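1. what would the 3D arrangement of this be:
(one chain, ligands or ions: 2)
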Amino acid sequence: MYFDTHTHTKHSCDSQKEPEDAIKAAIKNGLSGIAITDHSDLRLFYDYNIPFELPESGKDADRLREKYKGQIKVFSGIEISDAAIPIYKDRLNEAFNFHDYDILLASAHIVDLDGRMCEFSSTDFSGFDTRTLERLMEIYFEYMLKTVYEHQFSSLCHVTYPLRYINGAYGKGLTLDKNIKRIEEIFKVIIDRNTALEINTAKCNPETPYAFCPEKELLELYISLGGKMFSLGSDSHIAGSEGRGFKQAAEFLKQHEIYGCYYFKKKQPVYYEI
Ligand SMILES: [Zn+2]
Ligand SMILES: [Zn+2]
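-> Ligands and ions are numbered 1, 2, ... in the order given. Predicted structure coming up:
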């Protein structure tokens, strides 16, 4: 049994997927439930008023929940990014209240690198030296810590997201050695606050079936600190990839004597067996 707690649709600025196609694909992929968690990148919201469609995303989830009753459970949600940046505070409160969400995902997609807004997916990291990258990761993890400390989110998403670009796209080979203490602190806070840790499977494919975010070593660190609360998120932007890599994630968890994950209903965590 699997629930995908992190997917995007055309109500996100970087997806064209029809919400109904997400539900159909999730059924086809054998999922028991799916949450539609469109982006609320507070920077875009604040600077360009982009996510006007977010209330529509929640309404679509409600409509599809009724339509597909008995076939699959459908949840409404939102991925709120960059909650730690002070100038976005008002927008953050607005985003929380767009809809009576089932799930609130927390993530960070940008950092203010000493005055320069640095968005990971669009930054050219080729000219960045190790020291600057380490500074960037330090700020990034401080944001994550502040985010989970100050707000009650359901799940913390793709904890090592910047590495997807810094190491994945730009091959910098950056390690997290200097940030391990910070990551440990983040894990302790989410364990304490009953916020789940997401295993993001966006990069899992037949060639890299175990490309989890965060990486296995960090998942093991979380478990060693007493963490047991996981959610699974495909971060699907294209119909068909809902639930990708979940079997491998479940296999990994069972090896560590964890036999269940969580989905969220009206912001309450619900345990299910994997
Ligand atoms: Zn994200
Ligand atoms: Zn996402």
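2. residues from the chain in reach of ligand 2?
-> Residues of the chain lying near ligand 2 by CB under 5 Å from the ion: 79, 235. Just so you know, the C-beta spots here come from the backbone N, C-alpha and C atoms, and that holds for glycine as well.
3. how about the strands of the chain, start to end?
-> 3-4, 33-41, 73-81, 103-107, 110-113, 116-119, 155-156, 196-200, 230-233, 260-265, 268-273 (DSSP state E).
4. okay if I get the ones you listed as JSON lines plus mean pLDDT?
-> Output for these, formatted as JSON lines (pLDDT from 0 to 100):
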{"stretch": "strand 3-4", "mean pLDDT": "98"}
{"stretch": "strand 33-41", "mean pLDDT": "90"}
{"stretch": "strand 73-81", "mean pLDDT": "94"}
{"stretch": "strand 103-107", "mean pLDDT": "96"}
{"stretch": "strand 110-113", "mean pLDDT": "90"}
{"stretch": "strand 116-119", "mean pLDDT": "88"}
{"stretch": "strand 155-156", "mean pLDDT": "98"}
{"stretch": "strand 196-200", "mean pLDDT": "98"}
{"stretch": "strand 230-233", "mean pLDDT": "98"}
{"stretch": "strand 260-265", "mean pLDDT": "98"}
{"stretch": "strand 268-273", "mean pLDDT": "98"}
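5. got the contact list for the residue in the stretch 151-274 of the chain that ligand 2 sits nearest to?
-> Residue nearest to ligand 2 within the stretch 151-274 of the chain: D235 (4.4 Å; CB to the ion). D235 is in contact with 6-8, 157-158, 200-202, counting by CB atoms under 8 Å, 6 or more residues apart in numbering.
6. can you report how many residues lie near the residue nearest to it when sequence neighbours are not counted?
-> Leaving aside its chain neighbours, D235 sits nearest to A202 (3.9 Å; criterion: CB to CB, 6 or more residues apart in numbering). Using other CB atoms under 10 Å, A202 has 21 neighbouring residues.
7. would you agree A202 is in contact with H158?
-> Yes - using CB atoms under 8 Å, A202 makes contact with H158 at a distance of 7.2 Å.
8. excluding chain neighbours, what is closest to the residue in the stretch 51-200 of the chain that ligand 2 sits nearest to?
-> The stretch 51-200 of the chain approaches ligand 2 most closely through E79 (4.7 Å), counting by CB to the ion. Computed as CB to CB, 6+ apart, the closest residue to E79 that is not its neighbour in sequence is L105, at 4.3 Å.
9. for the residue of the stretch 51-200 of the chain closest to ligand 2, name its beta-bridge partners.
-> Beta bridges link E79 to H39, L105, judged by DSSP bridges.
10. so for stretch 121-128, mean pLDDT?
-> Stretch 121-128 shows a mean pLDDT of 94.
11. okay, and the common contacts of A202 and H158?
-> Shared contacts of A202 and H158 (CB under 8 Å, 6+ apart): 164, 213, 233, 235.
12. count of residues packed around R182?
-> 17.
13. swap in D90?
-> Other residues close to D90 by other CB under 10 Å number 10.
14. and it, what pLDDT?
-> So D90 comes in at 74 (pLDDT).
15. what of Y161?
-> As predicted, Y161 sits at a pLDDT of 96.
16. my guess is it contacts A108, does it?
-> Yes - with contacts counted by CB under 8 Å, Y161 reaches A108, the gap being 7.1 Å.
17. those two: who's more crowded?
-> The neighbour comparison of Y161 against A108 (other CB under 10 Å) goes to A108, with 27 against 22.
18. any idea what C261 is bridged to?
-> Y272.
19. tell me if I'm right that it and F252 touch.
-> No - taking contacts as CB under 8 Å, C261 lies outside contact range of F252: 11.5 Å.
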